[in-house]
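Asker: sequence first, predicted model second:
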Amino acid sequence: MLIRVEIPIDAPGIDALLRRAFDGDAEAQLVHSLREDGLLTLGLVATDDEGQVVGYIAFSPVDIAGEDRQWVGLAPLAVDAPFRGQGLGKQLVYEGLDSLNEFGYAAVVVLGEPGFYSHLGFKKAAQFDLYCRWPETENAFLVYPLAEEALAGISGRVDYHEHFNHF
């Protein structure tokens, strides 16, 4: 298993994985739109021994209260069914967090499964007076500070790119 930054030749494999993992095309369309508009801050793939994409994670810019604070949103995270339960999702998240930290990003937000992400160190964003546009997501909207002072004096609505509003 190899985890690395995505390259253009990975796009068809990422697309196929997202369509399988999410039982539809919304996430695949989202990633395609973000990629086309240069809005993928970071995309990582996990490939098997034959080079097939079996895991994927993407990060894209978000604004807080209308300002760019060098934060990113994690979405989507996908692991092919035969590889689930082996820690691959966790590895993809940690690899992404490490890379983003090295690049100087301040924090990561995610709208996802609270049990999974809190186990990885994410905290409920609401406890920092942060929220997103989707109603009734308080328990699933989480934040992971990469910089020591990332959450100091920051509050308000976290906005993903408008591409997220179409899916």
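Answerer: Nice, thanks for sending it over.
Asker: how about the residue sitting nearest the centre point of the chain, nearest residue that isn't a chain neighbour?
Answerer: Nearest residue to the geometric centre of the chain (CA atoms, centre = their mean): residue 74, 1.6 Å. Leaving aside its sequence neighbours, residue 74 sits nearest to residue 110 (CB to CB, 6 or more residues apart in numbering; 4.2 Å). The way it works is simple: take the backbone N, C-alpha and C, and place the C-beta from them, glycine included.
Asker: is the one you found in a bridge, and if so with what?
Answerer: residue 74, residue 142 (DSSP bridges).
Asker: quick one: it from residue 121, how far?
Answerer: Look at residue 110 and residue 121: by CB to CB, to the nearest Å, they are 11 Å apart.
Asker: neighbour count winner among the two?
Answerer: residue 110 (24 against 12; other CB atoms under 10 Å).
Asker: I'd say that one and residue 117 touch.
Answerer: Yes: using CB atoms under 8 Å, residue 110 is in contact with residue 117, at 5.7 Å.
Asker: quickly list what's touching both of these two.
Answerer: Residues touching both residue 110 and residue 117 (CB atoms under 8 Å, 6 or more residues apart in numbering): 142, 144.
Asker: now the strands for this protein?
Answerer: Here the chain has its strands, by DSSP state E, at 2-5, 42-47, 53-64, 67-79, 107-111, 123-124, 130-132, 141-145, 156-160.
Asker: tilt between the fourth one and strand 141-145?
Answerer: Relative orientation of strand 67-79 versus strand 141-145 (axes from the mean of the first three to the mean of the last three CA atoms, to 10 degrees): 110 degrees.
Asker: in strand 67-79, what counts as buried?
Answerer: Neighbour counts over strand 67-79 (16 or more other CB atoms under 10 Å) mark 69-79 as buried.
Asker: dump these to CSV, plus pLDDT.
Answerer: Conversion of the buried residues of strand 67-79 to CSV gives the following (pLDDT from 0 to 100):
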residue, pLDDT
69, 94
70, 96
71, 97
72, 98
73, 98
74, 98
75, 96
76, 97
77, 98
78, 98
79, 98
